[in-house]
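K.L.:
Next comes the sequence, and after it the predicted model I'd like to discuss.
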Amino acid sequence: MASSDAKPPKANGTLALAALFFIGLCGAAYVVYSFPEVSDEDRPFLVWPRDVDQLRGLAQVLDRYKTDHFSSILTAFVVFYIFLHTFAIPGPFILSILSGALFGPIRGLLTSLTCATTGASACYLLSYTLGHQLVTKRFSDKLDLLRARVERHRGDIFFYMLFLRVTPLLPNTVI
């Protein structure tokens, strides 16, 4: 008799995940290429910021740009934020800071929260539907070890997870 948490085999999860990633990447590229023309003096600032000065320069350019093209800026922000969150790619932290500079503290917070919630929900749905098969197939021994540890800490699971979350040994995406 099979266990109650066993999932029926699905189509190739890796291929489906790669296809969804490619579709998201194409959507992000379409948003970038559908932007109205940017002046030559502003073009050097349209890079992924690596420090605070680049972030400040990007925010200033996008703030000027936002005046005439608010919907383009908002669409690009939402698409990139949700894409990065969905596929657990580092970067939403920078976009959260940028949202406050672009949209103000209240609207920026609401925009970031909405995008983060949507992206996290999409990430969960992807991992639930496609990730289960991939993880059990490729990491069954590690998964058994993790299940044993969770079972061992069943009585104090909250504190165990809290410890794992705040300890810098594991990245938060692993937990």
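P.N.:
Structure received.
K.L.:
Verify the contact between F103 and T114 for me.
P.N.:
No - under the contact definition of CB atoms under 8 Å, F103 does not touch T114, with a separation of 11.4 Å. Yep, even glycine has a C-beta here, placed from its N, CA and C like the rest.
K.L.:
Looking at those two, which is more packed in?
P.N.:
More neighbours sit around F103 than around the other of F103 and T114, counting by other CB atoms under 10 Å; the figures are 20 against 13.
K.L.:
Name the nearest residue to that one, ignoring sequence neighbours.
P.N.:
What sits nearest to F103 in space, not counting adjacent residues and going by CB to CB, 6 or more residues apart in numbering, is T111, at 5.6 Å.
K.L.:
which residues of this structure score low on pLDDT?
P.N.:
For the chain, the stretches with pLDDT under 70 are 1-11, 168-175.
K.L.:
list the buried ones in stretch 42-57?
P.N.:
For stretch 42-57, the buried set under the neighbour-count rule, 16 or more other CB atoms under 10 Å, comprises F45, P49, L55, G57.
K.L.:
can you give me how far it is from the chain middle?
P.N.:
21 Å (CA atoms, centre = their mean, to the nearest Å).
K.L.:
now do stretch 104-124
P.N.:
Chain-centre distance of stretch 104-124: 10 Å, with CA atoms, centre = their mean.
K.L.:
Could you give me the buried positions within it?
P.N.:
The neighbour-count criterion (16+ other CB under 10 Å) identifies G108, T111, S112, C115, A116, G119, A122, C123 as the buried residues of stretch 104-124.
K.L.:
Just the CA atoms of stretch 71-88, as PDB, please.
P.N.:
Written as PDB, here are the backbone C-alpha positions of stretch 71-88 (Å, rounded to 0.1, in the frame of the first residue of the first chain):
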ATOM      1  CA  SER A  71       2.600  52.600 -16.700                       C
ATOM      2  CA  SER A  72       5.900  51.400 -18.400                       C
ATOM      3  CA  ILE A  73       7.900  51.800 -15.200                       C
ATOM      4  CA  LEU A  74       5.200  50.100 -13.000                       C
ATOM      5  CA  THR A  75       4.800  47.200 -15.500                       C
ATOM      6  CA  ALA A  76       8.600  46.700 -15.700                       C
ATOM      7  CA  PHE A  77       8.900  46.800 -11.900                       C
ATOM      8  CA  VAL A  78       6.100  44.300 -11.300                       C
ATOM      9  CA  VAL A  79       7.200  41.900 -14.000                       C
ATOM     10  CA  PHE A  80      10.800  41.900 -12.800                       C
ATOM     11  CA  TYR A  81       9.900  41.700  -9.100                       C
ATOM     12  CA  ILE A  82       7.500  38.800  -9.600                       C
ATOM     13  CA  PHE A  83       9.900  37.000 -12.000                       C
ATOM     14  CA  LEU A  84      12.800  37.200  -9.600                       C
ATOM     15  CA  HIS A  85      10.700  36.100  -6.700                       C
ATOM     16  CA  THR A  86       9.100  33.200  -8.600                       C
ATOM     17  CA  PHE A  87      12.400  31.600  -9.500                       C
ATOM     18  CA  ALA A  88      14.100  32.600  -6.200                       C
END
